[in-house]
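J.: what would the 3D arrangement of this be:
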Amino acid sequence: SDSFLRGGHYTQAHDAVVEALRLREAIPGVPEEDTADSMLTLGSILFAWRKYDSALPYLERACTSHMRIRGKFHVSVGSSSYLLGAIYESMQDYDKAMTRLKDSLSARKRALGEDHIDVAKVLTLIGKVHNALGEPDSAVLCFEEALEIAKKVHGADNEEEVADYLLDLAAALVAEDETEKAKTCVDEAQRTFKTKLINNDVGVAKCSSIKAMIYEKNGNLDAAREWYMNSVKILDGLLPDVASKESLDDIDLHDDYLELASTLFKFANVDDMLGDEREAISLYHRSIHLYRNLQGEDHLNVANVQYHMALMLGRHEQFGKAMDLLREALRIRVINLGKDHPEVATCLFAIGVAHDKNQEYEDAILTYQECMRIQKLEYGPESVEVATTLENYGIAKGNSNDLRGAVESWEEGLEIMMSLGYDESNPLIVNLAGHREIALLLLGESKPDESEGEK
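T.: Numbers count the residues shown, from 1 in each chain. Model (predicted):
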């Protein structure tokens, strides 16, 4: 098995290690750590094939055995923990991913040294988890540390490896609004690809995509659109067309296709902001197609694209199509995140708006109630999120001829915002107060002065 692996022959390696594992479990007296070694090898092969559900039990057993026999700082514990962390990260179970990756980082630093390239790889993945959790400052620190290690290990003789770390750091810096630092990293990576004559079209495409992110962050949407278009053009020229294929499981370009799917999604968002609905829809559909084939029908990336496409359709008053997409996005988010997750509440809020626009006021009211239930669990009963939903909840109440209930909702929202320390010029407070005054007028409980009557 080891010989086949060194030669890159994964199928033969898989068959050999399965037989080795069968023998080791069948023959009495085989040391447990030898069996654990076979499990780690088998789990690694299944991981490389992206058969994560199959890999998990072998890697878990290998990690548990190695930790008990060899100690938590052994290199084998670092390897199995890293693979487990990568699997949980791909499944978007970020708490488990972070726990495993921290175990891997401790083991690899102790076993291999602080400046080993495998330590940099763990730091990179931890940085990606921080990004996913909305913690860009922590992500930047991880990527910076990983970059410094890569520079020490690879030096000037292998700058392409360093360029990959530069691009990871650049993307995190954009999220932190450090656009000038991000541009410096991208320019350095791009110089590497050009001056070294490295045939890395995917790297160049990533540079273009991150430049687009920088322009988008700075509000230059036309320039962002051009750079996203350039990135997609490069990737389309590099990757086989998959429009007519049902699955990408057998194509050895998985990460490159994921890069294309992500770029298409960001490109679509910019086209949406520029008002080009037709082009945005086309790009959203391409992104969804890739994500479905790469990661499955029920992956959160699919739901994320559906959610954004639904918002765009809603702004163009295509509420029926928007509702279909939102319900599907909600279904996927509940499956992956549970019914009490904030992203489920975000989806419910949008569904409530769609119900209201369709004059389905009772459905809107029920949906907003469920949204607020989740928001109160996540943010507490007094939060901007709850106050924002109370505004829409009151509108739905008013539209259903329950003006008294509407007034109570808006007054509750005002109390929350004032208790949080916001002043009367806050846009949400202005809206809530305005809704309340109109409702009180209709109820005959308030008389406007001249200026309010004009309003």
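J.: got any ranges where the stretch 251-400 of the chain has weak pLDDT?
T.: 251-252 (pLDDT under 70).
J.: please, where are all the helices along it?
T.: Using DSSP state H, counting those that start in this stretch, the helices of the stretch 251-400 of the chain run over 254-273, 277-295, 300-315, 319-337, 342-357, 361-379, 384-399.
J.: tilt between the first one and helix 300-315?
T.: What that stands for is helix 254-273. When axes from the mean of the first three to the mean of the last three Cα atoms, to 10 degrees is applied, the directions of helix 254-273 and helix 300-315 differ by 10 degrees.
J.: pull the residues that contact helix 254-273.
T.: 50, 202, 205-206, 209, 212-213, 216, 221, 224-225, 228-229, 231-232, 235-236, 238-239, 242, 248, 251, 277, 279-281, 283-284, 286-287, 290-291, 294-295, 301, 304-305, 308-309, 312 (Cβ atoms under 8 Å, 6 or more residues apart in numbering). Using the backbone N, CA and C atoms, a C-beta is placed for each residue, glycine as well.
J.: quick check: closest non-adjacent residue to C347.
T.: L330 (4.5 Å; Cβ to Cβ, 6 or more residues apart in numbering).
J.: and the one you found, how many neighbours?
T.: 22 (other Cβ atoms under 10 Å).
J.: now stretch 109-124: mean pLDDT?
T.: Averaged across stretch 109-124, the pLDDT comes to 96.
J.: list the buried residues for it?
T.: Neighbour counts using 16 or more other Cβ atoms under 10 Å place 109-111, 116, 118-124 of stretch 109-124 among the buried residues.
J.: send the alpha carbons of it over as PDB?
T.: The C-alpha trace of stretch 109-124 is given here as PDB (Å, rounded to 0.1, in the frame of the first residue of the first chain):
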ATOM      1  CA  LYS A 109       4.400  22.000  16.400                       C
ATOM      2  CA  ARG A 110       5.600  19.600  19.100                       C
ATOM      3  CA  ALA A 111       6.600  16.800  16.700                       C
ATOM      4  CA  LEU A 112       7.800  18.700  13.700                       C
ATOM      5  CA  GLY A 113       8.800  22.100  15.000                       C
ATOM      6  CA  GLU A 114       7.300  25.500  14.900                       C
ATOM      7  CA  ASP A 115       8.400  26.300  11.300                       C
ATOM      8  CA  HIS A 116       7.500  23.100   9.500                       C
ATOM      9  CA  ILE A 117       5.400  23.500   6.400                       C
ATOM     10  CA  ASP A 118       2.700  21.100   7.700                       C
ATOM     11  CA  VAL A 119       2.200  23.600  10.600                       C
ATOM     12  CA  ALA A 120       1.600  26.300   7.900                       C
ATOM     13  CA  LYS A 121      -1.000  24.100   6.300                       C
ATOM     14  CA  VAL A 122      -2.900  23.700   9.500                       C
ATOM     15  CA  LEU A 123      -2.800  27.400  10.200                       C
ATOM     16  CA  THR A 124      -4.200  28.100   6.700                       C
END
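J.: about what we covered before: just the buried residues of the contacts of helix 254-273.
T.: 202, 205-206, 209, 212-213, 216, 221, 224-225, 228-229, 231-232, 235, 239, 242, 248, 279-281, 283-284, 286-287, 290-291, 294-295, 301, 304-305, 308-309, 312.
J.: on that earlier part again, the buried residues of stretch 109-124 in helices, which ones?
T.: The helices, defined by DSSP state H, take in 109-111, 118-124 from the buried residues of stretch 109-124.
J.: what about the stretch 51-200 of the chain, any weak spots by pLDDT?
T.: 156-158, 195-200.
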